[in-house]
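Peer 1: Have a look at this prediction, sequence included:
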Amino acid sequence: MPDHAEPPKPRTPSGPASAITAPPRRPVEAVLFDFHGTLAQVEDPISWVVAGAAECGTALDRGRATILADRLITAGRAGGPLPNRIPPQLAEVWANRDLYEYAHRAAYTGLAGTVNTGVEGLAEALYERLLRPEGWVPYTDTAAALHTLRAAEIPVAVVSNIGFDIRPHFAAWGLDELIDAYVLSYEVGRCKPDPDIFRRACAALRVDPERALMVGDSPADAGAVRAGCAALVLPAAEAGRANGLGAVIDLAIGKND
């Protein structure tokens, strides 16, 4: 080939590569949200320990609370990182924690109980905070995102691997009217990334999975693609901050116009 000759263009079975166009993006007719790390975050660890101890009648200074919080998070906190080690006696309830209420409680109170806190009843008090709205903080852009989707008449479901009811949390935050369905693992007997849990959410919203967008913060949430949904995975932000939920609006509404 002469030095000045133009190299041949790559081809595909249907013609030159330059002729390839991306398929049109599927319109979003429903949005499925993960709960923890997507719409809300657990309260600050030190505040969690101080409040739990206070409910047990013990006042902790910040220094001691910080030490205990570090130890309790390492042992395993619901809503926190996975524990470094699961004691053998807790292996069964840990494996079933998102399928049964009793297992969820037993797993996390058991893990907290492995830490010598010096505060009687603290493990139970800390778990009880998880069950109450004050133990969680919605992200600062959660309400705006949900209100915008409702105004656009796009139904919303919360799909969560969890062992307790989160409906009272949304009610306390004034967001319950913006959620059309809750698909919780302990109620349906399926955990993400099992595609069936996403299909159930789509069925509850009466939308084909191919027209639904799953929004979460983990590979388990991305498992929605196996059910036919699109997926958006956002890195979880700290409590009290925005979590990038504006991207959901761009995908669901901004580019559907």
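Peer 2: Sure, I can see it.
Peer 1: from here on, contacts and neighbour counts on C-alpha atoms
Peer 2: OK.
Peer 1: Please name the residues that touch residue 141.
Peer 2: Counting by CA atoms under 8 Å, 6 or more residues apart in numbering, residue 141 makes contact with 241, 242, 243, 244, 245, 246.
Peer 1: any idea how far it is from residue 221?
Peer 2: 20 Å (CA to CA, to the nearest Å).
Peer 1: repeat for residue 66
Peer 2: 32 Å.
Peer 1: Out of these two, name the residue with the larger neighbour count.
Peer 2: Neighbour tally, residue 66 and residue 221, criterion other CA atoms under 10 Å: the higher count belongs to residue 221, 25 against 17.
Peer 1: Test my guess that residue 81 contacts residue 75.
Peer 2: No - contact criterion CA atoms under 8 Å: residue 81 and residue 75 do not qualify, at 9.5 Å.
Peer 1: These two: who's more crowded?
Peer 2: residue 75 (22 against 11).
Peer 1: Helix, strand or coil: sort out that one for me.
Peer 2: Recorded secondary structure, residue 75: helix (DSSP: H, G, I helix; E, B strand; the rest coil).
Peer 1: cool, residue 242 as well?
Peer 2: coil.
Peer 1: i'd like the first residue to be 7 from this point on
Peer 2: Understood, numbering begins at 7; the last thing we discussed is residue 248.
Peer 1: Give me the pLDDT for it.
Peer 2: At residue 248, the pLDDT value in this model is 92.
Peer 1: do the same with residue 28
Peer 2: So, for residue 28, pLDDT stands at 41.
Peer 1: and what of residue 241?
Peer 2: pLDDT, residue 241: 89.
Peer 1: ok, now how distant is the residue lying closest to it once chain neighbours are set aside from residue 73?
Peer 2: The spatially closest residue to residue 241, leaving aside those adjacent along the chain, is residue 223, at 5.4 Å (CA to CA, 6 or more residues apart in numbering). In this structure, residue 223 and residue 73 are 28 Å apart, going by CA to CA.
Peer 1: Tell me which of the two has more neighbours.
Peer 2: residue 223 (21 against 13).
Peer 1: I figured the more buried one hits residue 45, correct?
Peer 2: No - counting by CA under 8 Å, residue 223 sits too far from residue 45 to count as a contact (9.9 Å).
Peer 1: residues shared between the contacts of the two?
Peer 2: In contact with both residue 223 and residue 45: no residue, using CA under 8 Å, 6+ apart.
Peer 1: and residue 236, how many neighbours does it have?
Peer 2: Neighbours of residue 236 using other CA under 10 Å come to 20.
Peer 1: Please name the nearest non-neighbouring residue to it.
Peer 2: Counting by CA to CA, 6+ apart, the residue nearest residue 236 is residue 219, at 4.8 Å.
Peer 1: what's that neighbour in contact with, if anything?
Peer 2: Here residue 219 is in contact with 34, 36, 37, 38, 235, 236, 237, 238, 258 (CA under 8 Å, 6+ apart).
Peer 1: Could I get the full set of strands for this protein?
Peer 2: Taking DSSP state E as the criterion, the chain carries its strands at 17-18, 21-22, 36-39, 46-48, 142-144, 162-166, 187-190, 218-222, 236-239.
Peer 1: Can you show me the helices along the protein?
Peer 2: Taking DSSP state H, the helices of the chain run over residues 51-61, 68-82, 97-101, 107-119, 128-136, 148-157, 173-178, 191-194, 201-211, 225-228, 252-255.
Peer 1: How about stretch 83-90, which residues are buried there?
Peer 2: In terms of neighbour count (16 or more other CA atoms under 10 Å), stretch 83-90 has its buried residues at 83, 84.
Peer 1: Quick one: mean pLDDT for that stretch?
Peer 2: pLDDT averaged over stretch 83-90 gives 88.
Peer 1: And that stretch, end to end?
Peer 2: Start-to-end, stretch 83-90 (CA to CA) is 11 Å.
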